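Participant: Got a predicted model here, sequence first, then my questions.
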Number of protein chains: 2
Amino acid sequence: MITREDCAARDLRDPLARFRAAFSLPEGVVYLDGNSLGPLPRGVGERLSTVVADEWGKSLIRSWNHHGWMDLPLRVGDKIAPLIGAQPGEVAVTDSTSVDLFKLLAAALELRPGRRLIVSEAENFPTDLYMAQGLARLLSGPGGAGAGSGIDSGAGPELRMVPRAELAKNPAGALARFGDDVAVVMLTQVDYRSGHLFDLAEVTRAAHGTGALMLWDLSHSTGAVEVDLGGAGADLAVGCGYKYLNGGPGAPAFLYVPRHHQETMRSPLQGWLGHAAPFEFSADYRPAPGIARFLCGTPPILALSALDTALDLFAEVDMAVVRAKSVGLGELFLELVEQERDGLEGIEIACPRESAHRGSQVSLRHPEGYAVIQALIARGVIGDFRAPDILRFGLAPLYLRAVDVWDAIAHLREVLTTGAWDRPEFKARSQVT
Amino acid sequence: MITREDCAARDLRDPLARFRAAFSLPEGVVYLDGNSLGPLPRGVGERLSTVVADEWGKSLIRSWNHHGWMDLPLRVGDKIAPLIGAQPGEVAVTDSTSVDLFKLLAAALELRPGRRLIVSEAENFPTDLYMAQGLARLLSGPGGAGAGSGIDSGAGPELRMVPRAELAKNPAGALARFGDDVAVVMLTQVDYRSGHLFDLAEVTRAAHGTGALMLWDLSHSTGAVEVDLGGAGADLAVGCGYKYLNGGPGAPAFLYVPRHHQETMRSPLQGWLGHAAPFEFSADYRPAPGIARFLCGTPPILALSALDTALDLFAEVDMAVVRAKSVGLGELFLELVEQERDGLEGIEIACPRESAHRGSQVSLRHPEGYAVIQALIARGVIGDFRAPDILRFGLAPLYLRAVDVWDAIAHLREVLTTGAWDRPEFKARSQVT
């Protein structure tokens, strides 16, 4: 029997306990949605005030030089690099995850001429699939620009799906069916609904076994799961700035291209900031050396500055310690679900039970999941809902405590035993996120 | 002979005079670079503090609903609409100018099947050309993904140039050489170097005369020049948020697609926020109705909020009054250059002399233009340099006074007559913008 006191005792031994104070967390809120939008790190407001009032306000255009605005996309990238097993100069912060996926998918297709397939899985986050569909449509789809330009329809790339479970169990076998026609395998390491975690090294090896490039979406990994792209020999990656990295709503995304691919890959979105000499204003594009060629338009300085400051917290932590705490919180959550199962009628566990296969979230299932989540939010326990019936609880190790997990389960139990979720205002699907 | 007193008298009659106080302009600075980065509108810092501390900090993920974050890209778009002759629901604020150009170029090619050419001019802002080159390369270029995917090289779109002067003089004649092979004409209305202004309606008519779509880049127009996209029947447009709109460094861009094109056009960058029902998380892309289909990733809320507040200033002004003041400042600038010509050795006028053909900037030429601009900046007169020899002075009507123009010319005269520019620190090309 795990008591709240046990949890409090555990929090006293937490090596990351001091980081909680670095966040602005509202009184009375248990925030289990940091995998959707990380909370506000305390230094960010001040940094933005400085950037706005002093840099923009006083130095104006001169700030591009005087305050290092121009280098910010790569400087912030270098702060993310150690969290994902990348080297300095291998990560850039630019555009959105969606746009970065498009760039890297197109670059990957170019690097694997003669291979037609992009392989993913149907449960992947929709934008990943949509961007791949858009690229395939552009290059070859019916009615696409390709078709309109006299390009032979059907000859271009195609997105093909493999069940996630199959890829997890036997990635080499799952990919074998496509022979040597796979240009790039695109997967999200941690599934946004179930929290399932791929073995990044094993899947990368399997992709390479077919001669394909491996592109990882690390949106639900970075800052919560240990990732070693370099060690795994992964070819490409993208990730999100506003989830576990706490960079703020709509923060720019990052992309990873290791050094050995940089000079042979090109972005199809070749904006002026990816030019070798943007301020020559030459009429012909010449890609910048290194990761800078994957930049595109003018960097979003306000958003980059927020993310830059948010990342300072990660400079002080060991990702192994972060992961260990994340695993501990997940285990605790699931043990409490099992302990309280008599009070949790209708609840099923919807994430992997083994922590080695689970990212930094716990997912439950309930037929009235939407209303249950709304009832929890009304009590200050903020998780989120993912259709059709998933209750999703993100476990961000920098600010969550064991007592928060205990309180969340206690509230869940109360909501279910009292039927508190069964109210019209909780069942009305007015919430978009 | 125009004196500083004449200028001061003129400022007293300025119908826009009260707007100057709405900006945070440093003491002693004459800011003539608002066409590169607009200055800080006073309300923006407070708005960002609220968004950060209250919305992000306290409401957290709930702000997507409670604080209207989700609709912000279209709400801000609707504020831009009246400045460019668009209707509500025809403008979205999303991504960068570069990325938006890519979307609209690809969509335009799809709407004109069988036509291969993108026509532009070699003096266009480089990112416009680079993005078109990137799209052409992707679809057909040697070594492009198209080629790699078995697509017949050379069959795809191609970027072709026409001299700007020719397009300005006789657009129909300039485009006639391409017969019916032009899918889209892509031009920047106001040239970033010379300030030359196209007659938007006339060029649009000429493009339509060849059966092509007309795509305008309004980066150097919006907020300073009267634009009537709807009246001209222009098909597509993009523009910048951080120049005359004062949205902050790297502010998101806007794109315009009129209602009659919205349902037949699709973005190749089909991210989840452009989906008809993003929160269904379906595996297949279905474009949203209306302008929302041109959205892509998660909206950058901090940057959008800054631009949103900056645009409030424009709600109170009549663009005809803004343009009249802009023309007046430009005329004054050029009259003073002529009046002071004996003290301005080496200076040539590099912009159109007739205000009907000039945007909201004045460009001069000097063999040591780079050093001259640095010397001016050191004195607080901030213009910028564009290779090879252009001194560029943006004239933003909301905060500039006639006395500012007078002071700028006085400083220019001093810099040139005393040879103040001829110092190593002004000649060292260390400044990137």
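Facilitator: Received, thanks.

Participant: quick one, strands of the stretch 251-400 of chain A?
Facilitator: With DSSP state E, counting those that start in this stretch, the ranges of strands along the stretch 251-400 of chain A come out as A:254-256, A:348-349, A:361-365, A:381-382, A:384-386, A:390-394.

Participant: tell me the angle the last one makes with strand A:361-365.
Facilitator: To tie it back to what came earlier, the one meant is strand A:390-394. On the basis of axes from the mean of the first three to the mean of the last three Cα atoms, to 10 degrees, strand A:390-394 is oriented at 160 degrees to strand A:361-365.

Participant: Can you show me the CA trace of strand A:390-394 as CSV?
Facilitator: Provided in CSV are the C-alpha atoms of strand A:390-394 (Å, rounded to 0.1, in the frame of the first residue of the first chain):
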residue,chain,number,x,y,z
ILE,A,390,-7.1,8.2,-24.2
LEU,A,391,-6.4,10.1,-21.0
ARG,A,392,-2.8,11.2,-21.3
PHE,A,393,-0.5,12.2,-18.4
GLY,A,394,2.9,13.6,-19.2
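
Participant: Run a quick neighbour tally on the closest residue to chain B within the stretch 151-300 of chain A.
Facilitator: Closest contact between the stretch 151-300 of chain A and chain B, by Cβ to the nearest Cβ, is at residue A:297 (2.7 Å). For the C-beta atoms, the positions are set from N, CA and C on the backbone; glycine is no exception. By the other Cβ atoms under 10 Å in any protein chain shown criterion, the neighbourhood of residue A:297 contains 26 residues.

Participant: if we can go back for a sec, export the strands of the stretch 251-400 of chain A to JSON lines and append columns for mean pLDDT, mean neighbour count and distance to residue A:39.
Facilitator: What follows is those, written out as JSON lines (pLDDT from 0 to 100; neighbours: other Cβ atoms under 10 Å in any protein chain shown; distance: least, Cβ to Cβ, whole Å):
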{"stretch": "strand A:254-256", "mean pLDDT": "98", "mean neighbour count": "30", "distance to residue A:39": "20"}
{"stretch": "strand A:348-349", "mean pLDDT": "98", "mean neighbour count": "14", "distance to residue A:39": "26"}
{"stretch": "strand A:361-365", "mean pLDDT": "98", "mean neighbour count": "25", "distance to residue A:39": "16"}
{"stretch": "strand A:381-382", "mean pLDDT": "98", "mean neighbour count": "24", "distance to residue A:39": "10"}
{"stretch": "strand A:384-386", "mean pLDDT": "93", "mean neighbour count": "21", "distance to residue A:39": "14"}
{"stretch": "strand A:390-394", "mean pLDDT": "97", "mean neighbour count": "26", "distance to residue A:39": "11"}
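
Participant: Now distance to residue A:101 too, for these, in a markdown table please.
Facilitator: Below are the strands of the stretch 251-400 of chain A laid out as a markdown table (distance: least, Cβ to Cβ, whole Å):
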| stretch | distance to residue A:101 |
| --- | --- |
| strand A:254-256 | 9 |
| strand A:348-349 | 30 |
| strand A:361-365 | 21 |
| strand A:381-382 | 28 |
| strand A:384-386 | 20 |
| strand A:390-394 | 22 |
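
Participant: among the ones you listed, which is nearest residue A:324?
Facilitator: Taking Cβ to Cβ, strand A:361-365 is the member of the strands of the stretch 251-400 of chain A nearest to residue A:324, at 16.0 Å.

Participant: residues in contact with that closest one?
Facilitator: For strand A:361-365, contacts defined as Cβ atoms under 8 Å, 6 or more residues apart in numbering or on different chains pick out A:35, A:190, A:193-195, A:220, A:330, A:333-334, A:337, A:347-351, A:386, A:389-395.
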